[in-house]
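Undergrad: Turn this into a structure:
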Amino acid sequence: MENLSFNQAVVRLEEIMNSIQCGSMDVDSLAVALKEASALVKYCRARLFKVDEDIKQLLEGIDGEELM
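TA: Model (predicted):
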């Protein structure tokens, strides 16, 4: 999963959601899909958190430069 981009992970989540919503999955496939979706959500959250932290650091750096 580490080699997925954020957008690829979101697209895969959408695919899983669509499959679940149209009811085309059997119970066994549903369990596997939900495990994959859970891992994808965790991955996306981690990526968003990392980007948020990076942006905060960059903005703090810009603010610090303006004061000098």
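
Undergrad: Next up, the contacts around the residue nearest the centre of the chain.
TA: Residue closest to the average C-alpha location in the chain (C-alpha atoms, centre = their mean): residue 44, at 1.5 Å. For residue 44, the contacting residues are 6, 9-10, 13, by C-beta atoms under 8 Å, 6 or more residues apart in numbering. Using the backbone N, CA and C atoms, a C-beta is placed for each residue, glycine as well.

Undergrad: Which helix or strand in this protein has the lowest average pLDDT?
TA: Every helix and strand in the chain was compared by mean pLDDT, DSSP states H and E; the lowest is helix 27-67, with a mean of 89.

Undergrad: Centre of the chain to that helix, how far?
TA: Relative to its chain's centre, helix 27-67 lies at 6 Å (C-alpha atoms, centre = their mean, to the nearest Å).

Undergrad: Compute the first-to-last residue distance for stretch 17-33.
TA: 9 Å (C-alpha to C-alpha, to the nearest Å).

Undergrad: Return the distance of it from the chain's centre.
TA: Chain-centre distance of stretch 17-33: 20 Å, with C-alpha atoms, centre = their mean.

Undergrad: Would you indicate which residues of that stretch are buried?
TA: Buried residues in stretch 17-33, counting neighbours by 16 or more other C-beta atoms under 10 Å, are found at 25, 33.

Undergrad: Show residues contacting that stretch.
TA: 16, 34, 37.

Undergrad: Quick check: residue 60 vs residue 17, distance?
TA: 37 Å (C-beta to C-beta, to the nearest Å).

Undergrad: Which among the contacts of stretch 17-33 count as buried?
TA: Counted by 16+ other C-beta under 10 Å, the contacts of stretch 17-33 give 16, 37 as buried.

Undergrad: which ones are touching the closest residue in space to residue 4 that isn't next to it in sequence?
TA: Counting by C-beta to C-beta, 6 or more residues apart in numbering, residue 4 lies nearest to residue 43, which is 7.1 Å off, once chain neighbours are set aside. By C-beta under 8 Å, 6+ apart, the residues touching residue 43 are 1, 4, 9.
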